[in-house]
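In: Could you work out the structure for the sequence below:
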Amino acid sequence: MSFLQTEFWAKFKSQFGWTFSKHNFSSSFQQKEYRTELFVLHRRFKGGFSLSYVPLAPILPQSCLEKYTSSDYFELISTLVEDLRKNLPRKTLFIRFDFPPIFPSLNEKDDFLQELLSYAKKSSFRLKKAPSDIQSPDTVVLDLKQSEEALLANMKAKWRYNIRLAAKKGVEIAELGEKGLASFYTLYEETAKRDGIAIHSYAYYEALFRLAKLYPQLSLGLYVAKHEDDILAAIITLFTKEEAVYLYGASSNTKRNLMATYLLQWTAIKDAKIFGSQSYDFYGIPPVEDETHPMYGLYRFKTGFGGKIIHRVGSVDMPLSSLYPFYVFAEKLRYFWFKKIKKLFVKKAS
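Out: Numbering: from 1, shown residues only. Predicted structure coming up:
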């Protein structure tokens, strides 16, 4: 189960404009009883309108993961939507899903999505690819059930070299938790200015750490890489017994030749393994290795650690109102402003 489907994350998002509900769902799946519980987030707008969001659910039983078809899954989500509609806020425009099934190739992912959309056209349900994705549909995941030796062996040689180089040159890594938040945020602002990305307020990350203290079954970490008196990089990670996730990262423009980020990630990976996490999710890469992509450097960095590249279909909407197209139009305008125009201004200013 993803951390996005935990009470911790639902309560965290409820501090920043969302409400949530916990939904117990039962149905028949492949002639067997299927039961699950999931968190649904709700966001209200002016005029009383709202949207509902289901992140990385519904999750299939382990026994079904290799045997289900797109038709099976469509029937499941159709039944789920009928069930959810009974308890949604009034004037809900649509339900947005990030479906959890993973695929080893883009072609398989695309085929699955097109089949879902095709089934929707033949049914009473409408299903639309969302104009933008909430969660990154593409990522790389390390299997932490391997030994440390195997993890190192599966990395690219240059990555192993950079880890050793950073340690040899005196880069020190410390897990500081909330105490390191001020240093992290200073670096994060520097990173945002350099890369032209939007970041949350300091209060957002502060609230994340404070809430995490109430959930001893998980570990929210903040790792800092330091050389002499300079803080070179910092990352925020979340460990559970099922998964470890690299949530946020920041780096300085100074001493980049010391390769601090490589040792920083390796330290977090080793700690996640000690914690008992089964995997380490680098949480977002471009869909393909494309040198012209603005995040190509991120793709190379994350995939170089030797994990498995996986793909999901991304955000998919189930429209519930005739006003849905107007929301999509507004969302596209917002996306164009933040991803194209505002980013361009930020880069010019820097």
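
In: Surely residue 139 is in contact with residue 310?
Out: Yes - between residue 139 and residue 310 a contact is recorded at 6.1 Å, counting by CB atoms under 8 Å. Where C-beta positions appear, they are placed from N, C-alpha and C, glycine not excepted.

In: Comparing those two, which shows the higher neighbour count?
Out: For residue 139 versus residue 310, neighbours defined as other CB atoms under 10 Å are more numerous around residue 139 (21 against 18).

In: Am I right that that one falls within a helix?
Out: No - counting by DSSP: H, G, I helix; E, B strand; the rest coil, residue 139 is not part of a helix but strand.

In: ok, now how distant is it from residue 213?
Out: From residue 139 across to residue 213, the span is 27 Å (CB to CB, to the nearest Å).

In: Could you do residue 45 as well?
Out: 32 Å.

In: from the chain's centre, how far out does the helix or strand harbouring residue 113 sit?
Out: Assigned by DSSP states H and E, residue 113 belongs to helix 106-121. How far helix 106-121 lies from its chain's middle: 22 Å, per CA atoms, centre = their mean, to the nearest Å.

In: buried stuff in it?
Out: Buried positions in helix 106-121, judged by neighbour count with 16 or more other CB atoms under 10 Å: 109, 112, 113, 116, 117, 119, 120.

In: Make TSV from these and add pLDDT and distance to residue 219 to it.
Out: Formatted as TSV, these follow (pLDDT from 0 to 100; distance: CB to CB, whole Å):
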residue	pLDDT	distance to residue 219
109	95	31
112	94	34
113	95	34
116	94	36
117	94	39
119	92	41
120	91	40
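
In: just curious, which of these is nearest to residue 293?
Out: residue 109 (17.6 Å; CB to CB).

In: What residues of stretch 17-26 count as buried?
Out: Within stretch 17-26, the residues scored as buried using 16+ other CB under 10 Å are 18, 20, 23, 25.

In: From those, pick the one nearest residue 300.
Out: Taking CB to CB as the measure, residue 18 is the one of the buried residues of stretch 17-26 closest to residue 300, at 34.3 Å.

In: Now do the contacts for that closest one.
Out: 41, 42, 43 (CB atoms under 8 Å, 6 or more residues apart in numbering).

In: from those, which ones fall inside helices?
Out: Assigned to helices by DSSP state H, none of these qualify.

In: Which of these has the largest number of neighbours?
Out: residue 41 (21 neighbours).

In: Tell me where the model's unsure across the chain.
Out: For the chain, the stretches with pLDDT under 70 are 29-31, 61-67, 335-350.

In: which non-adjacent residue is nearest residue 269?
Out: residue 280 (5.3 Å; CB to CB, 6 or more residues apart in numbering).

In: Could you do residue 119 as well?
Out: Nearest residue to residue 119, sequence neighbours excluded (CB to CB, 6+ apart): residue 74, at 4.3 Å.

In: And what about that neighbour, helix, strand or coil?
Out: Residue 74 ends up helix, using three-state DSSP.

In: Hmm, residue 120 and it touching each other?
Out: Yes - counting by CB under 8 Å, residue 74 does reach residue 120; the two are 7.2 Å apart.

In: Which element, helix or strand, includes residue 266?
Out: Going by DSSP H and E, residue 266 is in helix 260-275.

In: meant to ask about residue 183
Out: Using DSSP H and E, residue 183 falls in helix 181-195.

In: Go through the next helix or strand after that helix and flag the buried ones.
Out: Note on helix 181-195: by DSSP H and E, the next helix or strand toward the C-terminus is helix 202-212. Neighbour counts over helix 202-212 (16+ other CB under 10 Å) mark 205, 208, 209, 211, 212 as buried.

In: Please apply the same query to stretch 225-235.
Out: 225, 226, 227, 231, 232, 233, 234, 235.

In: which one of the buried residues of helix 202-212 sits closest to residue 55?
Out: For the buried residues of helix 202-212, the nearest to residue 55 is residue 208 (16.0 Å; CB to CB).

In: The closest one and residue 88, how far apart?
Out: 27 Å.

In: per the record, what domains does this protein have?
Out: Split into domains by automatic domain parsing, the chain comes to 3-135+313-349, 139-309.

In: Tell me which of the ones you listed sits most buried.
Out: Among the domains of the chain, domain 139-309 has the highest mean neighbour count (mean count of other CB atoms under 10 Å), at a mean of 18.

In: got the end-to-end distance for that domain?
Out: 6 Å (CA to CA, to the nearest Å).

In: Contact partners for residue 184?
Out: By CB under 8 Å, 6+ apart, the contact list for residue 184 reads 205, 222, 224, 234, 236, 248, 250.
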